[in-house]
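[1] Predicted model, plus sequence, below.
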Amino acid sequence: MSMLSRVGQIRRCAATLSPALGTVISRQKHSLPDLTYDYGALEPHISAEIMQLHHSKHHATYVNNLNVAEDKYKEALAKGDVTAQVSLQPALRFNGGGHINHSIFWTNLSPNGGGEPKGELAAAIKRDFGSFQTMQDKMSAATVAVQGSGWGWLGLEKETGMLRITACPNQDPLQGTTGLVPLLGIDVWEHAYYLQYKNVRPDYVKAIWNIINWENVSERFQSAKK
Amino acid sequence: MVYILFASDDQSELSESFKTWLRWWNGLRLSPGPLLILVRPFIIWLSKCAATLSPALGTVISRQKHSLPDLTYDYGALEPHISAEIMQLHHSKHHATYVNNLNVAEDKYKEALAKGDVTAQVSLQPALRFNGGGHINHSIFWTNLSPNGGGEPTGELAAAIKRDFGSFQAMQDKMSAATVAVQGSGWGWLGLEKETGMLRITACPNQDPLQGTTGLVPLLGIDVWEHAYYLQYKNVRPDYVKAIWNIINWENVSERFQSAKK
């Protein structure tokens, strides 16, 4: 192994083991999270080709561009340059939102997913929507209806403890823009489904319910309630 | 038995769907019983045909509706720059859906207007903007492209580009950059600012129509919704935007420039 890559390895190791040390040696950077399943594991509902492009190209690009935008923002902050900060806001919102949203999304899906949730989440769904089926229909409709690129969300309204269904445009992150805590998101940017479903977005939204990881959604619900 | 004979000096006026219907009808052997049910599609075709040939007659028979314009080239004609598969889906599915949904939205809007229901009118605005914009944008787009396209414009348009951007290359670079930079779905546009007579480059989100939202008259648009390129270029939007310059129909863009200047 060359000297240069060895230095990089030590740096990354230090950053993981010791936050303070990591800060001394290099700024903490955002990184692309690994999937806990293979690219092909969600077939036939989402194809391997889509998963590979979606994760290794689209999400990776958001991560890289977020790091670049944050670096520039730190410089602008250091100089007290408000104009520069404001001009960086779209890039931060877009790439930061893209990173947040996709990081949630990969955990919301599982090859062993589908069916219905249990326990407190199931009770809350029944309480706030009438039934699981009603919630599913409402979320599907809101998600399909997104004009252009965006996401459908099931979120928790902390002030009331109620579950809410809404949609956000582009990569606008749910919590940052609405205050709702994201529990379950459905990506309806065309790159999320087009190679397999073409223009038939409703078929994709219908299929994705087969791979929803309700354990993960329940964990997020429990965390959000605190 | 009822056969339909249709004589026309210009058979190409007949839509493919009507020709298919005609062959089906003449293949049947019918008694007058089912006649009324089967004649209905013919009546609908007749009213659409009448609406095209005679606006006044069309209004009498049926409300004017928006319709999907035909392409002047085959779906495969823009290859290798845009694949046939993309062109077919883009035109016959995406654009067609905007047309259908626009007609539905306009019908509902007419009702709301008739009742003076402002709340209903406002709630219909997104659907009109989205589907109306989609119809306008794609109708322009198909004419902006040609299998014989590419190269550079000539005449007054070329002069205006040089005047307002420095050179054709500078304009192309600026428009490509603005188009690639669209966050999410949208369009890059070359438009005419009527107040100053200057050419402008800008981008619009989703299906927001250029003139309705900015006042600029659209001359050339580049669609960067993912459906416009993903099947062929995947996530590499810049490659698609680079390739599309090979099929730009500068004659059409020049015509639009001349019209806009009046």
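    Good, I have the coordinates.
[2] Name all residues that make contact with the residue nearest to A:Val181 when sequence neighbours are not counted.
    Sequence neighbours aside, A:Ala224 is the residue nearest to A:Val181 in space, at 3.9 Å (criterion: Cβ to Cβ, 6 or more residues apart in numbering or on different chains). Where you see a C-beta, it was placed from the backbone N, CA and C, and this is true even at glycine. Counting by Cβ atoms under 8 Å, 6 or more residues apart in numbering or on different chains, A:Ala224 touches A:Leu156, A:Lys158, A:Val181, A:Leu183.
[3] number of nearby residues for the nearest residue to the second one once chain neighbours are set aside?
    When the adjacent residues along the chain are set aside, A:Lys158 lies closest to A:Val181, with 6.3 Å between them (Cβ to Cβ, 6+ apart). Number of residues near A:Val181 (other Cβ atoms under 10 Å in any protein chain shown) recorded here: 18.
[4] Do I have it right that A:Val181 meets A:Leu154?
    No: with contact taken as Cβ atoms under 8 Å, A:Val181 and A:Leu154 are classed as non-touching, separated by 10.1 Å.
[5] in the helix or strand containing A:Ser103, what's buried?
    For A:Ser103, the element it lies in under DSSP states H and E is helix A:82-108. Under the neighbour-count criterion of 16 or more other Cβ atoms under 10 Å in any protein chain shown, helix A:82-108 has A:85, A:88, A:91-102, A:104-108 buried.
[6] The helix or strand where A:Ala124 lies - what's its average pLDDT?
    Taking DSSP H and E as the criterion, the element that holds A:Ala124 is helix A:119-129. Helix A:119-129 shows a mean pLDDT of 98 in the predicted model.
[7] got CSV for the contacts of A:Ala224, with secondary structure too?
    Conversion of those to CSV gives the following (DSSP: H, G, I helix; E, B strand; the rest coil):
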residue, secondary structure
A:Leu156, strand
A:Lys158, coil
A:Val181, strand
A:Leu183, strand
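[8] Pull the contacting residues for the residue most central in space within chain A.
    Residue closest to the average C-alpha location in chain A (Cα atoms, centre = their mean): A:Asn101, at 2.1 Å. Contacts here follow Cβ under 8 Å, 6+ apart; on that basis A:Asn101 touches A:Trp151, A:Gln171, A:Pro173, A:Leu174, A:Pro182, A:Gly185, A:Asp187.
[9] And the pLDDT for it?
    Per-residue confidence for A:Asn101 comes out at a pLDDT of 98.
[10] By mean pLDDT, which helix or strand of chain A comes out lowest?
    With mean pLDDT, DSSP states H and E as the measure, the helix or strand of chain A carrying the lowest mean pLDDT is helix A:19-25 (a mean of 40).
[11] And chain B, is the following helix or strand past that helix touching that?
    In the C-terminal direction, the helix or strand that comes right after helix A:19-25 (DSSP H and E) is helix A:48-53. Yes: judged by Cβ under 8 Å from any Cβ of the partner chain, helix A:48-53 and chain B are in contact via A:Leu53.
[12] so the following helix or strand past helix A:48-53 versus helix A:82-108, what angle?
    Elements were assigned by DSSP H and E; along the chain past helix A:48-53, the next helix or strand is helix A:60-79. Between the axis of helix A:60-79 and that of helix A:82-108 there is an angle of 150 degrees, by axes from the mean of the first three to the mean of the last three Cα atoms, to 10 degrees.
[13] Quick one: residues in contact with helix A:60-79.
    Outside of helix A:60-79, the residues that reach it under the criterion Cβ under 8 Å, 6+ apart are A:27, A:29-32, A:84-85, A:88, A:91-92, A:94-96, A:98-99, A:102, A:171, B:235.
[14] What count of nearby residues applies to A:Pro44?
    Close neighbours of A:Pro44, defined as other Cβ under 10 Å, add up to 9.
[15] In space, what's closest to it - neighbours in sequence excluded?
    According to Cβ to Cβ, 6+ apart, the nearest residue to A:Pro44 is A:Ala207 (7.9 Å).
[16] and chain A, which of its residues are near chain B?
    Taking Cβ under 8 Å from any Cβ as the criterion, the neighbours of chain B within chain A are A:53, A:57-58, A:61, A:90, A:94, A:147-150, A:169-171, A:189-191, A:194-195, A:198-199.
[17] If we use 10 Å, what do you get?
    Taking Cβ under 10 Å from any Cβ of the partner chain as the measure of proximity, chain A contacts chain B at A:49, A:53-54, A:56-58, A:60-61, A:90-91, A:93-95, A:97-98, A:145-150, A:169-172, A:189-195, A:198-200.
[18] Generate a PyMOL selection restricted to the buried subset of these.
    Selection of the buried residues among these in PyMOL, burial being defined by 16+ other Cβ under 10 Å:
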select buried, chain A and resi 53+54+58+60+91+93+94+95+97+98+146+147+148+149+150+169+170+171+172+189+190+191+192+193+194+195+198+199
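[19] one step back: how about the contacts made by the residue nearest to A:Lys158?
    Remark: with contacts taken as Cβ atoms under 10 Å, 6 or more residues apart in numbering or on different chains, A:Val181 is in contact with A:153, A:155-158, A:164, A:174-175, A:220-221, A:223-225.
[20] For it, name its beta-bridge partners.
    A:Val181 has the following beta-bridge partners by DSSP bridges: A:Leu156.
[21] pLDDT wise, what is it at?
    Among the per-residue scores, A:Val181 holds a pLDDT of 98.
[22] Could you do A:Arg27 as well?
    56.
[23] How many residues are close by A:Gln175?
    15.
[24] correct me, but it touches A:Arg164?
    No: taking Cβ atoms under 10 Å as the definition, A:Gln175 is not a contact partner of A:Arg164, at 12.0 Å.
[25] list the residues that contact both of the two?
    Listed contacts common to A:Gln175 and A:Arg164 are A:Trp153, A:Gly155, A:Leu156, A:Val181; contacts here mean Cβ under 10 Å, 6+ apart.
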